[in-house]
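Trainee: I'd like to go over a predicted model; first the sequence, then the structure.
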Protein chains: 2
Amino acid sequence: MTKEEFSVTPYEVTGQVDYDKLILQFGVKRIDTASLARLKKHTGDHFMLRRQHFFAHTNLDKVLDALDKKEKVYIYTGRAPSGPIHIGHLFVWTFTKWLQDRLNATLIFQIPDEEKVLFKDDLTFEDSAKWTRENLIDIIALGFDLKKTRFLIDTKHANVMYKLACQVAKKTTASTVRALFGLKNEDNVGKYFYTTMQSVPAFLPTVFEGKQTQCLIPCAVDQDVHFRLTRDVAEKLGYPKPATILSKFVPSLSRDSKMSSSGEQAIWTTDAPKEVERKIRKYAFSGGKDTVEEHRKLGGNPDIDVSFQWLSMLFEPDDHKLASIHDDYKSGKLLSGELKQILIDKINAFLAEHQKRRLDAEKVVDSVIAQHF
Amino acid sequence: MTKEEFSVTPYEVTGQVDYDKLILQFGVKRIDTASLARLKKHTGDHFMLRRQHFFAHTNLDKVLDALDKKEKVYIYTGRAPSGPIHIGHLFVWTFTKWLQDRLNATLIFQIPDEEKVLFKDDLTFEDSAKWTRENLIDIIALGFDLKKTRFLIDTKHANVMYKLACQVAKKTTASTVRALFGLKNEDNVGKYFYTTMQSVPAFLPTVFEGKQTQCLIPCAVDQDVHFRLTRDVAEKLGYPKPATILSKFVPSLSRDSKMSSSGEQAIWTTDAPKEVERKIRKYAFSGGKDTVEEHRKLGGNPDIDVSFQWLSMLFEPDDHKLASIHDDYKSGKLLSGELKQILIDKINAFLAEHQKRRLDAEKVVDSVIAQHF
């Protein structure tokens, strides 16, 4: 299969991503069989690992060493609030929650509520505050153990973060952020400074514990650029380098980029069943043939079929069932409409539950926001 | 009198400053007779005003309009902690305290404890925390009304400041800070961001009051560069432009720049009487002649005599006494050693009191630091 041109930055992903190339570009490592076996000793298995949706890492060995020595490991992930939550966002967090549960680890969930305000001309802090609350409802609804999860809202908890961010900033030249993030003279100085705030949660565990404490960051691979900077600076500041465990992108319905937060190309967590059905039927890129006859004869291509990808990445944890769907689709036994229906039913079953949990989350979200860090 | 080459930035002042040229360079205004008269209606007179040690301003008319309308006006000044306090530092703060008392105004006293850490390679946050406490002892000892003075320590109160700083940052390009502060690609990104934190206290009054509230900033003229940026951004953010009232620099003992915080060229607030005497006798640049005979015959030049300048700027508020000293020195009646003795006595009388007040200040400084903003 030939890959088209693609580009991955923390601010845009375009084209069909060639993950093998990306590993080389980003200087990260593929999660190999040995590392995976070591991790599974501590966490058990997860379909996102065995299917290589989490496919790459940096410094995972440091986490495994710490776990082997029964040392405390922190998890750190985040969400920059700028719009509603879609199915694609849930992917990394679902894995993160599982990791937290399996490792019984404290999770720092950063809400960098200034990032998108600085990077998007028309997004205000009022918007960002609205989305912080709204996004937290979804995050809480995923079931993170609130006793072991600390939400770090940048503008609200800057008294905990800003000094550490300045320590990072002191070791970070304008040249470096210009190279890593493509910034120019005409970009605002908030963009120059922002990445230092994203480094901070990786060091907070060490600050909290008063001794070198390992941090593990599950995130989509585009975010590793920030943590490349974090790793460089960690060494200079005498903090341990954080580890990242990196996922592929959940494709958008049209498959032309990672799932976008704009337009019709996303399933929102608040979508009604009919809306989900309409979007999947209308937009989900199909690997099937143009006519039923042709499809029956030649079969479909699950590798490029977005409905199949979503089942594989999010909604069908059972390998046997997934394999049946794969084989039936490939053979032509399963039609595109039928495959879509499987996905629609899965999403709607999930959302029915999730939307109930959102109602509960809504009751606690304001007290979560009011918490001191 | 010809002026030598000089340069004024917030980070360095060199040469003999030509304040007329500086007014043009900086685009600020001389405090004219009309403005001074309007100000005196509200504050009464101060020798630093009538002697034109505070000589320039921006937007002072806005403050005067507000005062005429009996609207609340805030005062804002600051200190970046990076070393001990010398006599030169007290100059602006003495005026600021007087202004606060006369206007019965709330004072925001910013302690940007990150600034010098970001700008000086070898200054750490540990140093900065030490100097924050130490400097606050001097500041409190000056007698600011603690009920009406709010100390804003950047890293500690970043939860109040960072969001506003990001709003400023969003309107401030890297180009702008490169031009204003001479920053390069190899400078750290903290330097790029820092000035936005210095803008914040100018807007806090409006945020606190929930309506457009005028801020007045007494500071040395070199700091106006920061507030030039503040004025530009204020307009874009819908905040009132702050006013500045700008002072000349207290010359160093050797008169080759403003009083420096390094070396022997400063009188520290903790200096013992003998130390003060030694430094003034040894280093204070004299406008006197080389021999007593010559001095008696030709007289000295008070305009270039640092001892006389310090009396004029800080230690002799009585115009008649100052005029006598001036005339006696010029005529040759007063010898350089005698002039120095007048200054030594004045400084030591002041420091005896100040050092007593430091002991009282030391008892409250930790509770001041512990205050929420």
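Mentor: Cool, the structure landed.

Trainee: burial measure for the residue lying closest to A:Ile153 once chain neighbours are set aside, as a count.
Mentor: Nearest-residue entry for A:Ile153: A:Ile111, 4.5 Å, with adjacent residues in sequence omitted and distances by Cβ to Cβ, 6 or more residues apart in numbering or on different chains. Glycine gets a C-beta too; all of them are placed from N, C-alpha and C. Look at A:Ile111: counted by other Cβ atoms under 10 Å in any protein chain shown, it has 25 neighbours.

Trainee: From A:Leu136, how far off is A:Ile111?
Mentor: 7 Å (Cβ to Cβ, to the nearest Å).

Trainee: Could you check how far the least confident helix or strand in chain A by mean pLDDT is from the centre of its chain?
Mentor: Using mean pLDDT, DSSP states H and E, the weakest-scoring helix or strand in chain A turns out to be strand A:12-14, at a mean of 83. Using Cα atoms, centre = their mean, to the nearest Å, the mean C-alpha position of strand A:12-14 is found 14 Å from that of the whole chain.

Trainee: Now for A:Asp187: which residues touch it?
Mentor: Listed by Cβ atoms under 8 Å, 6 or more residues apart in numbering or on different chains, the contact set of A:Asp187 reads B:Thr173, B:Ala174.

Trainee: mean confidence score for the longest helix belonging to chain A?
Mentor: Longest helix of chain A, by residue count under DSSP state H: helix A:336-370. Mean per-residue pLDDT for helix A:336-370: 97.

Trainee: And for stretch A:141-159?
Mentor: Averaged across stretch A:141-159, the pLDDT comes to 97.

Trainee: and it, which residues are buried?
Mentor: A:141-142, A:144, A:149-159 (16 or more other Cβ atoms under 10 Å in any protein chain shown).

Trainee: what does stretch A:327-337 give?
Mentor: Here stretch A:327-337 shows A:Asp328, A:Tyr329, A:Lys330, A:Gly332, A:Leu334, A:Leu335, A:Ser336 as buried, counting by 16+ other Cβ under 10 Å.

Trainee: Repeat that for stretch A:349-362.
Mentor: A:Phe350, A:Leu351, A:His354, A:Arg358, A:Ala361.

Trainee: Need those in JSON lines (columns: distance to A:Lys41).
Mentor: Output for those, formatted as JSON lines (distance: Cβ to Cβ, whole Å):
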{"residue": "A:Phe350", "distance to A:Lys41": "30"}
{"residue": "A:Leu351", "distance to A:Lys41": "34"}
{"residue": "A:His354", "distance to A:Lys41": "31"}
{"residue": "A:Arg358", "distance to A:Lys41": "35"}
{"residue": "A:Ala361", "distance to A:Lys41": "33"}
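
Trainee: The closest residue to A:Gln214 other than its chain neighbours: how many residues sit nearby?
Mentor: Once flanking residues are discounted, A:Gln214 sits nearest to A:Ala66: 4.4 Å by Cβ to Cβ, 6+ apart. Neighbour count for A:Ala66, taken as other Cβ under 10 Å: 20.

Trainee: can I assume A:Phe109 sits in a strand?
Mentor: Yes: assessed with DSSP: H, G, I helix; E, B strand; the rest coil, A:Phe109 lies in a strand.

Trainee: just to revisit the earlier point, next SSE after the least confident helix or strand of chain A?
Mentor: Using DSSP states H and E, the helix or strand that follows strand A:12-14 in sequence is helix A:19-26.

Trainee: And that following helix, what's buried?
Mentor: Neighbour-count burial for helix A:19-26 [16+ other Cβ under 10 Å]: A:Tyr19, A:Leu22, A:Ile23, A:Phe26.

Trainee: what sits up against the very next helix or strand once past that helix?
Mentor: Sequence-wise, the next helix or strand downstream of helix A:19-26 (DSSP H and E) is strand A:29-30. Contacts with strand A:29-30, where a contact means Cβ under 8 Å, 6+ apart, come from A:Ile23, A:Phe55, A:Ala56, A:His57, A:Thr58, A:Leu60.

Trainee: Go again with 6 Å.
Mentor: A:Ile23, A:Ala56, A:His57 (Cβ atoms under 6 Å, 6 or more residues apart in numbering or on different chains).

Trainee: Columns distance to chain B and pLDDT on top of the residues you listed, output as CSV?
Mentor: As requested, the contacts of strand A:29-30 are arranged in CSV below (distance: Cβ to the nearest Cβ, whole Å; pLDDT from 0 to 100):
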residue, distance to chain B, pLDDT
A:Ile23, 28, 95
A:Ala56, 27, 98
A:His57, 27, 98
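
Trainee: In helices, which of the buried residues of stretch A:141-159 fall?
Mentor: A:Ala141, A:Ala158, A:Asn159.
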